[in-house]
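Colleague: quick one, what's the 3D model for this:
(2 chains)
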Amino acid sequence: MKKNVGIVIVSHSPEVAKGTADMVRQMVGAEVPLAWCGGNPAGGLGTSVEAIGNAIAAAWSERGVAIMVDMGGAETNSEMAIEMLAPPKRAKVVVCNAPIVEGSVMAATESSGGASLDQVRHAAEELYMR
Amino acid sequence: MKNPLDDRGNASLSGNGSARVVASAFLSHEGGLHARPAIKVSQFAKRFQSRVWLGLSEEGPWIDAKSVARVIAMKAPSRIRLFFAAEGDDASDAVDGLVEMVASDFRNGSTRAR
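Modeller: So this is what the prediction gives:
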């Protein structure tokens, strides 16, 4: 069983999502389950519920998964992907209200220390709550 | 029992008799405590049960060293002295490790064994 909360990065741009994931890996390390997705199935900018679902599965941890999004459809499609999960899993996935790059790095740093899903979300949102 | 310290750690002794440990190290790291070293500081601090704080002077104000967002937001510049404080059973180990991390210019990083 993975002991750390997983992080999923969802951007309209695959380059932004991959670049953010690279920053997390290089700055925080490899002990956090991590997956990213971005772009629509036609190869343009956008997000896909199916790709988000696959990313949640790839980063799955029994401790939960925190999703970091950029804007608009990334958030609504992430919420739809969560709705499509079986109820026991659904309760362990949250979308964080934070800038995608900074939030991903801070959430992963918190997760790397074994923090709970609530603590991970709080770390991502801490400086940006309005 | 509630810890008598406030959230910013601004007290010299706690009520249960465990003294605060404070020590400092010179920050020579180019660019100061930017994102990567800040992450290493907070990852290391989180390994300890003790509460751990970081400040720019011996009198504080102190920030929670386990909060990566607050450590980054501190924007500590290069060539200053960083102060670490901790309270709890493993306070000395936490402060010693953080001082060593800064003094060694983060060469051992977050992989340093506790």
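
Colleague: if I look at the residue nearest to B:Arg36 when sequence neighbours are not counted, how far off is A:Val101?
Modeller: Of all residues not flanking B:Arg36 in the chain, A:Met27 sits nearest, at 5.4 Å (Cβ to Cβ, 6 or more residues apart in numbering or on different chains). For every residue, glycine as well, the C-beta is placed using N, CA and C. Plainly put, A:Met27 is 11 Å away from A:Val101 if you go by Cβ to Cβ, to the nearest Å.

Colleague: ok, B:Val99 - contacts?
Modeller: B:Ala23, B:Ser24, B:Ala25, B:Phe84 (Cβ atoms under 8 Å, 6 or more residues apart in numbering or on different chains).

Colleague: now those in TSV, with secondary structure, distance to chain A and neighbour count?
Modeller: Below are these laid out as TSV (DSSP: H, G, I helix; E, B strand; the rest coil; distance: Cβ to the nearest Cβ, whole Å; neighbours: other Cβ atoms under 10 Å in any protein chain shown):
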residue	secondary structure	distance to chain A	neighbour count
B:Ala23	strand	22	16
B:Ser24	strand	24	20
B:Ala25	strand	21	17
B:Phe84	strand	17	26
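
Colleague: that older thread, and the residue nearest to B:Arg36, how far from A:Thr20?
Modeller: 11 Å.

Colleague: what about the two, which has more around it?
Modeller: Per other Cβ atoms under 10 Å in any protein chain shown, whichever of A:Met27 and A:Thr20 has more neighbours is A:Thr20, with 27 against 18.

Colleague: returning to that earlier point: which residues are in contact with the residue nearest to B:Arg36?
Modeller: A:Val105, A:Thr109, B:Ala35, B:Arg36, B:Ile39.

Colleague: at the contact with chain A, which residues of chain B appear?
Modeller: Within chain B, the residues that sit near chain A (Cβ under 8 Å from any Cβ of the partner chain) are B:35-36, B:39, B:42-43, B:46-47, B:66-70, B:72-73, B:110.

Colleague: highest neighbour count among those residues?
Modeller: Ranked by neighbours (other Cβ under 10 Å), these are led by B:Val68, which has 33 neighbours.

Colleague: what residues are up against it?
Modeller: With Cβ under 8 Å, 6+ apart, B:Val68 has these contacts: A:Val105, A:Met106, A:Thr109, A:Glu110, A:Ala123, B:Ala38, B:Ile39, B:Ser42, B:Gln43.

Colleague: between these, which is nearest A:Ile56?
Modeller: When the contacts of B:Val68 are compared for distance to A:Ile56 (Cβ to Cβ), A:Glu110 wins out at 18.7 Å.

Colleague: need the three-state assignment for the closest one.
Modeller: The three-state assignment at A:Glu110 reads helix, by DSSP: H, G, I helix; E, B strand; the rest coil.

Colleague: can you give me the neighbour number for the residue nearest to it when sequence neighbours are not counted?
Modeller: With sequence-adjacent residues excluded and distances taken as Cβ to Cβ, 6+ apart, A:Glu110 is closest to A:Ala123, at 3.6 Å. A:Ala123 has 28 neighbours, counted by other Cβ under 10 Å.
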